[in-house]
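Asker: quick one, fold the following:
(chains A and B)
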Amino acid sequence: MLRPAMNTNSHPGLAVEAVDLVKDFAETRAVDGVSLAVPAGSIYGLLGPNGAGKTTILRILLGIIDPSSGTRHVLGAGRPLDAAPEVGYLPEERGLYPAMHARDAIAFIGALRGLPLREGRRRADDLLREHGLGDWARKPIRTLSKGMAQTVQLLGTIIHKPRLIVLDEPFAGLDAINQGRLEDLIRREARDGATIIFSTHVIAHAERLCERIAIVARGKLVFEGRVDDARSRLRPIVRLRTRAEDGPWRSAIPEDARRDGDEWVFELPASGPEPLLKALIDGGAGIETLAIERPGLHDAFVAIAGNKAAAAMAQEKPE
Amino acid sequence: MMRLLRGAFVIARRDFAATVLSKAFIFFLLGPLFPLLLGGVFGGIGARVATQTEKPVVAVVSTPADFGRLMKARDSLADALGEDAVVRFSYFAPEPDLAAQQKRLLTTREPPVRAVLTGGLDHPHLTGAVEDQNISGQLQLLVANAREPQAAPPSLGVTEVAASSGSLASDRARTAQIGQMLLFFLTLLLSGMVMSQLIEEKSNKIIEVIAAAVPIDAMFIGKLFAMLAASIVGIVVWVGAGALLIQILSAGGLRTLPTPAVGWPGFLALGVIYFAMNYLLLGAVFLSIGAQATTAREVQTLSMPVTFAQVLIFGFAAISANAPNSFEAFAAAAFPLSSPMAMLARAAEQPEWWPHVAAIAWQALWVALILHLGARMFRKTVLKSGPRGKRWRWWKRAAVVSEIGAS
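Answerer: Residues are numbered from 1 along each chain as shown, chains lettered A, B, ... in the order given. Here you go, the predicted model:
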């Protein structure tokens, strides 16, 4: 495959770098000052509810649409289409030619990215066999199930062994087994050196897969960084069960502590666990159980994006 | 540039294969052949019927001597003008009741009688449906010749040359008109297909995969050239079938067509080039218009004004067919959308080649320009995930304003 000459205006360790992207559609600002830095070889999640601007950001990064302002570099190229032979893209709205055979559809997507058609067909046969669709290689897409067609398109996305794989809501419409397979495929591609960016509104996928995430709400970037950094924005949660209902120990727990059944739930005070333990013991709490939990990405998302965005994501169709 | 061409080639190859290898394309190829075939069959039958059908005659009620002189005059005119061009006669001996005979003859069906000539050569009188001046005029001439037979006409020496300025001008104008007509109809038939080209991608949602991999210009170019190639396949089949039919049905076959100014090989080569240019120019416009449509129904709605526009453009180009050096012809050649048709007419009438080189370059420039603009419009209006553009809000606002005005 031809590797295009890249300009090196971007940071060398970054697969994608976007600075202050803005996109206006008539009077609607779909993307508002978004900056991203995606390290090469990482799995990067773009989180946010539907309508937050995730797809528009991905389209800008891929050069499908131009930003109203701001700059982006993809694999070092100032014009994303210059890097197209080394990029794979699975859009949110899946689409293939219904009359095309599965292997031809995969080879066609590869050919669009510069892979010779014959080589594309050969690789397509191998990939289809590997994914249990060997018998469907010469069947028209219209005869495939929705899940199979989605797999075919996904294989078309990676047929040319891209260095950057962009997946827009890749888990949408897949059953649990295929979601698991897709997660494995993403991990494998990352192990092989590809950078993967995917958008999702399901936090669990991002939590399992991503090293870094960006959280988008109403076109604005509200967080960009490591998943651990997102979590570390919240203090650990303490779950405490005591024998004593009341007593001096109560002054050791924060005023905003809430009851969850027979447990007290509150953020670990800034002073840390040891002073808390001492105060509880000295205050006669009669500790039955005390657990200190690391906050999940969902809690971090609520804290960062706000309850409204979290509620919007929760309302969306679960996969 | 290489990326653009490579992308265009990938798309063109897919579209061409998908079009030409479909069952629908077989019907597309056969469609125009049916009228040709039926035209040939019924034309042949019609011609045979026409020769077999008895032609109306003029019944001559006279003495045999008068009729003989009249027939002699008729035969000498038929020798000069051709048998079918001269009125036919049928002889009837006079009966005592001439009025009754005349009435009966006018209703006779075998042979069908157009009119009855009575009174012999001395007092000729014609009765019948002779509103056609040609019959009465011919009879006047024939009766005069029968009365006073002319001496044998002097022999006229004839020296034939290949062509004279008068014959060339009219023959080449005919070639120009036929060429323009063919170009127009073929483009009209084929370029409409381009309008619905992007609907498949839009409805299949594959448009985004393509747009992320290749420039939109490449997609437009690929689609346009794929359809051009499919059209040329169709034209080769149709023209081949048409030429075969002409060869079979017409005495002398294709050689009977008047020779164009640049010669047949040059004219045919320019015909192919100008068809391609015409197709690409109109196709680029239609593709750009069709790209704005989101459904097949919208494409149908757009088709009618587009067809009207094509007819207007043809009308504009047709001005140049008879006057290749007029201002109108120059304007038609300069206006990009009528330029191929105007220049094909010029190829039939004027032998110079350099205007064609300039025109082809000019047309190619416009193809590129229209495609680029179409691609830009497409990117702006189609590949976005926000609300529709200002246009729609303007309509909404206008509707609200009119509602407020009404209340």
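Asker: please name the nearest non-neighbouring residue to the residue of the stretch 101-250 of chain A found nearest chain B.
Answerer: Proximity of the stretch 101-250 of chain A to chain B (Cβ to the nearest Cβ) peaks at A:L112, 3.8 Å away. Every C-beta, even on glycine, is put in place using the N, C-alpha and C of the backbone. Distances taken as Cβ to Cβ, 6 or more residues apart in numbering or on different chains put B:A213 closest to A:L112, at 3.8 Å, once the chain neighbours are dropped.
Asker: which parts of the stretch 1-150 of chain A sit against chain B?
Answerer: A:25-28, A:30, A:55-56, A:59, A:62-65, A:81, A:84, A:87, A:89, A:91, A:93-100, A:108-109, A:111-114 (Cβ under 8 Å from any Cβ of the partner chain).
Asker: select from those residues every entry located in strands.
Answerer: Residues of the residues of the stretch 1-150 of chain A next to chain B located in strands (DSSP state E): A:25, A:28, A:30, A:87, A:89.
Asker: list just the nearest of the residues you listed to chain B.
Answerer: Relative to chain B, the closest of those is A:F25; by Cβ to the nearest Cβ it sits at 3.2 Å.
Asker: for A:I158, which non-adjacent residue is spatially closest?
Answerer: A:G88 (5.4 Å).
Asker: contacts only, for the one you found.
Answerer: A:113, A:157-160, A:162, A:164-166 (Cβ atoms under 8 Å, 6 or more residues apart in numbering or on different chains).
Asker: hmm, back to that, save the ones in strands among the residues of the stretch 1-150 of chain A next to chain B as CSV, and put in pLDDT and neighbour count too.
Answerer: Below are these laid out as CSV (pLDDT from 0 to 100; neighbours: other Cβ atoms under 10 Å in any protein chain shown):
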residue, pLDDT, neighbour count
A:F25, 84, 19
A:T28, 84, 11
A:A30, 89, 24
A:V87, 95, 27
A:Y89, 94, 26
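Asker: what's the farthest-apart pair in those residues?
Answerer: A:T28 and A:V87 (27.3 Å; Cβ to Cβ).
Asker: tell me how far the residue nearest the centre of chain A lies from chain B.
Answerer: The centroid of chain A falls nearest to A:G45 when counting by Cα atoms, centre = their mean (2.3 Å). Taking Cβ to the nearest Cβ, to the nearest Å as the measure, A:G45 falls 19 Å from chain B.
Asker: residues in contact with that residue?
Answerer: A:197-200, A:205-206, A:209-210, A:212-214.
Asker: tabulate the residues you listed (CSV), appending neighbour count.
Answerer: Converted to CSV, the contacts of A:G45 look like this (neighbours: other Cβ atoms under 10 Å in any protein chain shown):
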residue, neighbour count
A:I197, 26
A:F198, 25
A:S199, 25
A:T200, 24
A:H205, 21
A:A206, 26
A:L209, 20
A:C210, 24
A:R212, 21
A:I213, 27
A:A214, 27
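Asker: quick one, longest helix in the chain?
Answerer: Unless you meant another one, I'm taking chain A. Scanning chain A for the helix with the most residues, using DSSP state H, yields helix A:176-191.
Asker: that's the other chain; I wanted chain B
Answerer: When chain B is parsed with DSSP H, its longest helix is helix B:216-249.
Asker: that one: what's the following helix or strand?
Answerer: As assigned by DSSP states H and E, the chain's next helix or strand after helix B:216-249 is helix B:264-292.
Asker: show me what that following helix is packed up against.
Answerer: helix B:165-195, helix B:197-204, helix B:216-249, helix B:296-318, helix B:339-349, helix B:354-381 (3 or more Cβ pairs under 8 Å, 6 or more residues apart in numbering or on different chains; DSSP states H and E).
Asker: report the buried residues of it.
Answerer: Residues of helix B:264-292 classed as buried by neighbour count (16 or more other Cβ atoms under 10 Å in any protein chain shown): B:267, B:270-271, B:273-291.
Asker: where in the stretch 201-319 of chain A is pLDDT low?
Answerer: Within the stretch 201-319 of chain A, the stretches with pLDDT under 70 are A:305-319.
Asker: could you look up the SS state of residue 73?
Answerer: Answering for chain A, as no chain was given. Following DSSP: H, G, I helix; E, B strand; the rest coil, we place A:H73 in the strand state.
Asker: look at chain B instead
Answerer: Going by three-state DSSP: B:A73 is helix.
Asker: what are the neighbouring residues in contact with it?
Answerer: Going by Cβ under 8 Å, 6+ apart, B:A73 touches B:142-143, B:145-146, B:149.
Asker: quick check: domain ranges of chain A?
Answerer: For chain A, automatic domain parsing gives the domain ranges A:14-229, A:235-294.
Asker: that should have said chain B, apologies.
Answerer: Domain assignment for chain B by automatic domain parsing gives B:55-147, B:166-384.
Asker: give me the residue from the stretch 51-200 of chain A nearest chain B.
Answerer: Counting by Cβ to the nearest Cβ, the stretch 51-200 of chain A gets nearest chain B through A:G95, at 2.9 Å.
Asker: what about that residue, how many neighbours?
Answerer: Using other Cβ atoms under 10 Å in any protein chain shown, A:G95 has 20 neighbouring residues.
Asker: in space, what's closest to it - neighbours in sequence excluded?
Answerer: B:K205 is the one closest to A:G95 (Cβ to Cβ, 6+ apart), at 2.9 Å.
Asker: contacts only, for that neighbour.
Answerer: Counted by Cβ under 8 Å, 6+ apart, B:K205 has contacts A:91, A:93-95.
Asker: quick one, phi/psi of A:H131?
Answerer: For A:H131, the backbone dihedrals (degrees, to the nearest 10) come out as phi -100, psi 20.
Asker: chain A: strands as residue ranges?
Answerer: Using DSSP E, strands in chain A cover A:14-25, A:28-39, A:43-47, A:69-74, A:87-90, A:164-168, A:195-200, A:212-217, A:220-226, A:237-242, A:258-260, A:263-267, A:287-293.
Asker: what packs against the shortest one?
Answerer: Okay, so that is strand A:258-260. strand A:263-267.
Asker: pairing partners for the strand it packs on, with directions?
Answerer: Counting by DSSP bridges, the strands paired with strand A:263-267 are strand A:237-242 (antiparallel), strand A:258-260 (antiparallel).
Asker: quick check: buried residues in the shortest one?
Answerer: The one in question is strand A:258-260. In strand A:258-260, counting by 16+ other Cβ under 10 Å, buried: nothing.
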